[in-house]
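1. whatever this is, show me its structure:
(4 chains, ligands or ions: 4)
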Amino acid sequence: MSTETLTMGKALNLGLRRAMEDDAKVVLMGEDIGRLGGVFRITDGLQKDFGEARVVDTPLSEAGIIGTAVGLAMRGYRPVCEIQFDGFVFPAFNQLVTQVAKMHARTRGRLSMPVVVRIPFGGGIGAVEHHSESPEAYFAHTPGLKVVAVSNPVDAYWGIQQAIAAPDPVIFLEPKRRYWEKAEVDLDATPEPLFGSRVVRRGDDVTVLAYGPMVKTALQAAEAAAEEGRSLEVVDLRTLSPLDLDPVVASVRRTGRCVVVHEAQVTLGMGAEIAARVTEACFHSLEAPVLRVGGWDVPYPPARMEEEYLPDLDRVLDAVDRAMAF
Amino acid sequence: MSTETLTMGKALNLGLRRAMEDDAKVVLMGEDIGRLGGVFRITDGLQKDFGEARVVDTPLSEAGIIGTAVGLAMRGYRPVCEIQFDGFVFPAFNQLVTQVAKMHARTRGRLSMPVVVRIPFGGGIGAVEHHSESPEAYFAHTPGLKVVAVSNPVDAYWGIQQAIAAPDPVIFLEPKRRYWEKAEVDLDATPEPLFGSRVVRRGDDVTVLAYGPMVKTALQAAEAAAEEGRSLEVVDLRTLSPLDLDPVVASVRRTGRCVVVHEAQVTLGMGAEIAARVTEACFHSLEAPVLRVGGWDVPYPPARMEEEYLPDLDRVLDAVDRAMAF
Amino acid sequence: MPTLPREVAGPVPGAGAPHPPRQPDLVQLLTPEGRRVEHPGYAIDVSPDELRGLYRDLVLVRRWDTEATALQRQGELGLWASLLGQEAAQVGAGHALAAGDMAFPTYREHGVAWVRGVDPLHVMSLFRGVDNGGWDPVATGFHLYTIVIPAQTLHATGYAMGVQRDGAESAVLAFFGDGASSQGEVNEAMIWAASFAAPVVFFCQNNQYAISAPTERQSRVPLYQRAAGFGFPGVRVDGNDVLAVLAVTRAALAAAREGQGPTLVEAFTYRMGAHTTSDDPTRYRLADELEEWALRDPIVRLRLHLAEEGLADEAFLAGVDAEADDLAARIRSGTISMEPPPAVSMFDAVYAEQTAPLAAQRAEFEAYRSTFEGAGQE
Amino acid sequence: MPTLPREVAGPVPGAGAPHPPRQPDLVQLLTPEGRRVEHPGYAIDVSPDELRGLYRDLVLVRRWDTEATALQRQGELGLWASLLGQEAAQVGAGHALAAGDMAFPTYREHGVAWVRGVDPLHVMSLFRGVDNGGWDPVATGFHLYTIVIPAQTLHATGYAMGVQRDGAESAVLAFFGDGASSQGEVNEAMIWAASFAAPVVFFCQNNQYAISAPTERQSRVPLYQRAAGFGFPGVRVDGNDVLAVLAVTRAALAAAREGQGPTLVEAFTYRMGAHTTSDDPTRYRLADELEEWALRDPIVRLRLHLAEEGLADEAFLAGVDAEADDLAARIRSGTISMEPPPAVSMFDAVYAEQTAPLAAQRAEFEAYRSTFEGAGQE
Ligand SMILES: Cc1ncc(C[n+]2csc(CCOP(=O)(O)OP(=O)(O)O)c2C)c(N)n1
Ligand SMILES: Cc1ncc(C[n+]2csc(CCOP(=O)(O)OP(=O)(O)O)c2C)c(N)n1
Ligand SMILES: [Mg+2]
Ligand SMILES: [Mg+2]
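-> Ligands and ions are numbered 1, 2, ... in the order given. Model prediction:
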């Protein structure tokens, strides 16, 4: 067993490397991913080792990155696109929504689109405008796309390989503020399936759902709650489309209470869908409505105000209290 | 009192005309809206009467339409943009989400964006791909935009004028398959406020929520249900952002049951948000979870299959039955 | 083969009219009167068989088009986008492609589809609303129609980048319209193709209109000049001259295959019909223009040339017409009997790997549908 | 004013080095050695006062930039995008604008901001994370920085269409970078501007890099040539020559005001610093290049020219330096003491007309916050 302590950034780098070794058709594309290794260095060293044909420094054009990835996929390649920051995915939105997402259906399965779109997402790093967005709901509302949000180095390492191997387009969301967090990664383990959620902490009083950057926050909240004798079950959703709610439903049937946490604006965020589905599935078990903790319904604020915008431990606990008191 | 029987298309045409007469800063922009009068003839005759500077036949570029509208608005104009079909709004998505929606906030109120984006939306007209989409949730998830979906000629006539007069950007959704439906329009009445929902049929057993094209469907369902002795209250949401749920909450507290209907794919469609909010507000009154009737989570199918995709009277009644049986 | 008397070609509308002014920058190999002219940059050597083959294709695709328009009027199609007037641009471009090449059409390239061997019924099914195009893009080397303008030009560029990586000797042909030239994506496609010297040829059918918008709304200079700004060659070809289109496109594809990067071909032509069957062009264009362009008809000019050169006799022409009638009949009967697949199939090709929630929704759909089947049997 | 001895200009790094090769298509009015040269197309007549004013601006904005970089290193700014090396391009362009004109910057145009009278602290606040730019775009004729590349170029074009409708004699200046040239939107902006002959000048600072990507990744031909493909003039100007930039931009704006439509100005310059303070340019570029460009420094060349012409004495130069130090001190103290507005304000400017749900959320936020205030007081 070869286990290494890796940051999420390094885990992604190794995962990409392994995927490129495993399959010569894997091509990385993005702005500044080659010589520079990407602004977060996730692709560091890959162009040096795999060459410019497989790690492509692209022109500055996101529609171009995704649009040409479609053509490369048609030709049998497996493009892995990097969007430099979450806020810059929108120039590519047309290609993603009208082309990538629909290609398999419109060709009645004749073409598949094994395209991965890596997006560093979310806030908390004190960045300027458009560098802290959480656009997952736009994608999860779009049939034909799959959406994954990893929360830790182990899932990052395996998830990126699984996403690349998957035959469908995957929006692969990387919580940029967790890039530097470390974990032990067993590089030879058998990974968990990509498209499944997972209970990451057992508890009895309230089920707390999170994904990406908020998993850590939820776990911290559970820790704090435990000190006050309150027992939170935390589920890492891991995949946002398809949503794997079976473990969630089982949990909520037991706890009777559910809180969903995400950074994205709360209105029509993932929490809305989860609340609707969990309520339908657990109607008779619920002691309180599913409560949502999310970004406020305002544009992401300037960096020095982001702490007041982002859900944190206290806001999660506040929702837990409200759920308990309902 | 001057009352005329108008189709929704003609009501919009008259509403636009009146807005242009009232305010010389109103400028219409879009593909084929001038000489042709638009593919649905909503702008018929306006270029002839107001000239090419106020009814602009644009190059074929949606990002251009919205992006230049931003500049025109900064210069004091009130651009009213037509996107020819719902499926063609995505090239403009970047401008809408990162620019139009945020401009007021990012300038701390120094600039406002009185931009209206008219979009014929939804299916049911037997069209080819990309001509039957319901993209409202993408916009309602975006803080800074307001989203309106009219359902009848009266609201169309007044709504378009109110949207143009409003100081904020409004995505104005026109249910294209209802363009030819008629109603009496009192051209001198005092209109209802734009951003409000309205109970359009009283009932006691289940509250049915709809907007745009589905209001008619919901009313038909209520009619059919009445024959079987079941009483549906129908609410026309009218505005999707901001959501005006007060009348809905009042209704659901009384009926204890709620069904939301829309054409958009059900996952993360408006129904998700409404279900989450209504459940929170009416938790102790609900006899059944809020049920959603929407498009299936698949790309909009070819025209000869659309009837099986779109919610219809039967699917609404089916949901009503399920709500009653819960 | 006997030399034919001139009359065989049939009455040519306006054949005696003055030659439309030659544009200095327009590549032409066949005048509207059917006379072969030379162009310094583009030689072409076509055998009589090839010439007759081109003629046959032009006539057949026009006949298909006419039949489709009729079928739409009769309610058998939801819509039809006519290629009337653009047959030479499409048949010429289609014939320039080699077997391993790939083409990315818009929604009007029925003539290219035909040349690529796509069954016309697989195109009709799209316009009937049965599917989004029934052909296999890989097997035919012809992608499905793309309706979102001009998303396919980026796909073509990416595909060409794949060809490069494969070290294959193939090229890619990306179609788009004059209106499409204003979209960001096609400009990005050209920028990418130039940057990577990708083996892709951009083929713009400038049919003078984007629905109602004349080309001047999109560009004040000839569109082929756009390419120079991106650093690669652009050429304007008479789009109603099948030989010139063939020669120019073939040369551009050859250059692409040889690693010389992209070329922009502007096929200067005219949309003789409405934009689609939903359109009413009388609202925005004058009959004069139509008459003027009728004099440059792509089929007439080749027929005149064949006649002049004695390459087609009455039997041949009649044979082609008969073939066209057969094709039309086949298209008609095939279209009318075309039914959509079972509705439940809409759940099946969303993903290559089905998801649990969608499988559940599929089951829900079937259960719901079955309640009606029961009701129907009562 | 007395003629100054040459030494006053201070030691010039590499002043004796060979002249960098003149590009035939590059408009230059002041050589790197400070020698005034003529250009047939662009005459300019600047008074000594104006020349000194330009020099002062160049020095002050560089000083501001240096201070900002230092403040970022000290943790007082989240980020800084340095204009080092691009002072002349920005100051020249800024001075070309008339009072009623409007400019649309990217995120690096501090030099233009300065010339437009924007308080540097209103720029610092953005990079400190306090707001998204504190100045009034209307009052200053200078829009807020736009970070999504290059969305502002379409805004500029639309604004220019508004100017046209007003019948005003104003023009608009749209800034973007060499990297930005690959985005669809800027190409659409040029297409629209050409189509409507909008009074907008596109000003591309080609600083040779888009973060790590050299300009050749975006275009294989000089960027100014892009304009011809869209049907309007393009010109490449020495971006380190403040006089040439001023002359060329002024001429382009004048043409725009006269109804001649757009021009593309490519200011050929070099980003002497990192892309931003987050960047590490040693990963992708060689020191040689930097040294070569150091010889073309925009400030040195104007100082040499002033010296040569006897237009600036030691007192003047020292005065400017002192002013720069004062400015830096003001920027430093102003930045350090800058606090964000109360968090609740984030709910207030989302809409011009507040919505009921957002007002409710605001109240919820305040109620929630108040529980902590209570806790804090315990
Ligand atoms: C992104 C997008 N916007 C708008 C449309 C609607 N539309 C369909 S065809 C057309 C005109 C296209 O003109 P052109 O590119 O010249 O091609 P042509 O139809 O003349 O062959 C328009 C505006 C579309 N299909 N896609
Ligand atoms: C749409 C978009 N994509 C990516 C980025 C990230 N980004 C910021 S600056 C930059 C490079 C810009 O290069 P250029 O246009 O040459 O301007 P410069 O920074 O050199 O002044 C990139 C890729 C962005 N801001 N916007
Ligand atoms: Mg056209
Ligand atoms: Mg640059």
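2. and residue 261, which of the three is it?
-> Let's take chain A. strand (DSSP: H, G, I helix; E, B strand; the rest coil).
3. wait, I meant chain C there
-> Once three-state DSSP is applied, residue C:261 turns out coil.
4. what sits closest to it if chain neighbours are left out?
-> In space, and not counting its chain neighbours, residue C:261 is closest to residue C:197: 3.7 Å by C-beta to C-beta, 6 or more residues apart in numbering or on different chains. From N, CA and C alone the C-beta is placed, and that goes for glycine too.
5. residues near the residue of chain C found nearest ligand 3, how many?
-> At 3.8 Å from ligand 3, residue C:177 is the closest residue in chain C, using C-beta to the ion. The number of residues packed near residue C:177 is 25, by other C-beta atoms under 10 Å in any protein chain shown.
6. same question for stretch A:2-9: list its buried residues.
-> A:6-9 (16 or more other C-beta atoms under 10 Å in any protein chain shown).
7. other SSEs contacting the helix or strand hosting residue A:183?
-> Using DSSP states H and E, residue A:183 maps to strand A:182-186. Other helices and strands packing on strand A:182-186, by 3 or more C-beta pairs under 8 Å, 6 or more residues apart in numbering or on different chains; DSSP states H and E, are strand A:3-7, helix A:8-22, helix A:153-165.
8. tell me the most buried of those?
-> helix A:153-165 (a mean of 25; mean count of other C-beta atoms under 10 Å in any protein chain shown).
9. could you identify the helix or strand that succeeds that helix?
-> Helices and strands here follow DSSP H and E; after helix A:153-165, the next one along the chain is strand A:170-175.
10. ok, and for that next one, which residues are buried?
-> A:170-175.
11. quick one, that strand and helix A:8-22 angle?
-> Here strand A:170-175 runs at an angle of 150 degrees relative to helix A:8-22 (axes from the mean of the first three to the mean of the last three C-alpha atoms, to 10 degrees).
12. which residues touch strand A:170-175?
-> The contact list for strand A:170-175 (C-beta atoms under 8 Å, 6 or more residues apart in numbering or on different chains) reads A:8, A:12, A:42, A:96, A:115-122, A:136, A:139, A:145-151, A:156, A:159-160, A:163, A:212-213, A:240.
13. what packs against the helix or strand harbouring residue A:217?
-> Taking DSSP H and E as the definition, one finds residue A:217 inside helix A:214-227. Applying 3+ C-beta pairs under 8 Å, 6+ apart, one finds that helix A:214-227 contacts strand A:198-201, strand A:206-210, strand A:232-236, strand A:258-265, helix A:313-325.
14. what's the most buried one of the ones you listed?
-> Counting by mean count of other C-beta under 10 Å, strand A:206-210 has the highest mean neighbour count of the helices and strands packed on helix A:214-227, with a mean of 30.
15. tell me where the stretch 201-350 of chain C has helices.
-> Using DSSP state H, counting those that start in this stretch, the helices assigned to the stretch 201-350 of chain C run over residues C:215-218, C:226-230, C:242-257, C:287-294, C:298-309, C:314-336.
16. how about the fourth one as CSV, C-alpha atoms only?
-> Once side chains and other backbone atoms are set aside, the C-alpha atoms of helix C:287-294 remain, and they are given as CSV (Å, rounded to 0.1, in the frame of the first residue of the first chain):
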residue,chain,number,x,y,z
ALA,C,287,-38.4,41.1,-56.4
ASP,C,288,-35.8,42.7,-58.6
GLU,C,289,-33.0,41.2,-56.6
LEU,C,290,-34.5,37.8,-57.0
GLU,C,291,-34.9,38.2,-60.8
GLU,C,292,-31.3,39.3,-61.1
TRP,C,293,-30.1,36.3,-59.2
ALA,C,294,-32.3,34.0,-61.2
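17. chain center to that helix: distance?
-> Put simply, helix C:287-294 sits 21 Å off its chain's centre (C-alpha atoms, centre = their mean, to the nearest Å).
18. quick one on the thing from earlier: so the residue of chain C closest to ligand 3 touches residue C:149, yeah?
-> Yes - Residue C:177 is within contact range of residue C:149, at 7.3 Å (criterion: C-beta atoms under 8 Å).
19. common neighbours of those two, please.
-> Taking C-beta under 8 Å, 6+ apart as the contact rule, residue C:177 and residue C:149 both touch residue C:106.
20. so which residue of the stretch 251-378 of chain C comes closest to ligand 4?
-> Closest point on the stretch 251-378 of chain C to ligand 4, by C-beta to the ion, is residue C:261, at 23.6 Å.
21. contacting residues around that residue?
-> C:193-194, C:197-199, C:232, C:255.
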